[in-house]
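Student: Need coordinates for the below:
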Amino acid sequence: MAARVSGLAAACLLAGGCQWLLDLDEAQCRTDGECVERGLEAGVRCIDERCRPVEAVPTGPWACLGRVEIPRPTGAMVPFELQVRDIASNLGLAGATARLCGRNDSTCSAPFSTPQTADGEGYLSWTVPDSFDGYAEVSLAGYANSLYYPQVSYIRRGAGGRGPYVSLGTPATLEGLAVANGASRDPAAGDVLLYVVDCDGRPAAGVRFETESVLPNTLPFYLVNRVPLGTATSTDAVVGGGGYVNLPARFVSFRAYVVETGQTITNVSVLVRPGHVSFAVAEPSP
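Tutor: Okay, here's the model as predicted:
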């Protein structure tokens, strides 16, 4: 009889409950061990003196998908520091200038800050409200102008410190990378470089980007060991990056998703300007 009850209890739990079998007026348990003594399967715990099944806690780099929480703005002022680097040498670029612009201000007609000049190591710094949501407009003579979108979570958490960076390339360098992948940069279009991080904040492998805003000469690519390849089909774990050459000059939206499961990681929207390179980090979002 005990074996039969045990089997019924396990079956009921798998089916989602069976309160009529277990919910007696008296306490069913005081400890998890007492649930085991009743013959219930592993994964059942004593909660509020009742033996209840506990959902398995997801693990792995995408365990947070579907339950991401980003802090709400509190009105605090937080530090925001950005380094400007050369895309070829990865060294800091002194003398680069940048100003902050609102996300929807496509021409930066009402800049959020006065222009800042990078120090000897290529660092620029601001103090911004934790509600800031926009981009940094970065320029340096001899390099293609760039737009950098910081992670919203980075600003909201007031991380500060020397974290994010943006890489500038000369027009010749960027053209060479495009030609190497069978394309040529269109002066009327713009380029986008996206980086993706997993639930642990690490560069994510096995991710693809998709967008409906393309031109006949648009070329998608992914970074493989930091080298852009038009033949690659997803990100690697080195930098977790990819992008597009020659996108239409307007706001363009992208979906980042896990190739293996099809799960959406996030949707990212950036401004594309002619001759510019727009950078953004795709992170798991609610």
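
Student: Residue ranges in this protein under the pLDDT threshold?
Tutor: Applying pLDDT under 70 to the chain picks out residues 1-26, 39-43, 55-57, 159-163.

Student: and with 50 instead?
Tutor: Residue ranges of the chain with pLDDT under 50: 1-24.

Student: could you show me where the helices are in it, in order?
Tutor: Shown for the chain, the helices assigned by DSSP state H span residues 2-15, 19-22, 32-37, 152-156, 171-180.

Student: How far away from the center of its chain is the fourth one?
Tutor: This means helix 152-156. Distance, stretch centre to chain centre, for helix 152-156: 11 Å (C-alpha atoms, centre = their mean, to the nearest Å).

Student: Does it pack against any helices or strands, and if so which?
Tutor: Helices and strands touching helix 152-156, by 3 or more C-beta pairs under 8 Å, 6 or more residues apart in numbering; DSSP states H and E: there are none. Heads up, the C-betas are built off the backbone N, CA and C, glycines and all.

Student: heads up, I number from 19, so please use that
Tutor: Sure, I'll start counting at 19 from here, so that last one is helix 170-174.

Student: List the contacts of it.
Tutor: 88-91, 96, 98, 146, 148, 150-151, 181-182, 301 (C-beta atoms under 8 Å, 6 or more residues apart in numbering).

Student: burial measure for residue 233, as a count.
Tutor: Neighbourhood size, residue 233 [other C-beta atoms under 10 Å]: 15.

Student: can you check residue 55 too?
Tutor: Neighbour tally, residue 55, other C-beta under 10 Å: 10.

Student: Ok, residue 77 next?
Tutor: Neighbour tally, residue 77, other C-beta under 10 Å: 8.

Student: again with the one 4 residues further on
Tutor: Other residues within reach of residue 81, judged by other C-beta under 10 Å, total 14.

Student: Please name the nearest non-neighbouring residue to it.
Tutor: residue 217 (5.5 Å; C-beta to C-beta, 6 or more residues apart in numbering).

Student: Now do the contacts for the nearest residue to residue 281 once chain neighbours are set aside.
Tutor: Closest residue to residue 281 apart from its sequence neighbours, by C-beta to C-beta, 6+ apart: residue 83 at 5.4 Å. Going by C-beta under 8 Å, 6+ apart, residue 83 touches 217, 281, 282, 283, 302.

Student: Could you list everything residue 269 pairs with in the sheet?
Tutor: residue 289 (DSSP bridges).

Student: Quick check, it in contact with residue 124.
Tutor: Yes - applying C-beta atoms under 8 Å as the test, residue 269 and residue 124 come out as touching, 7.4 Å apart.
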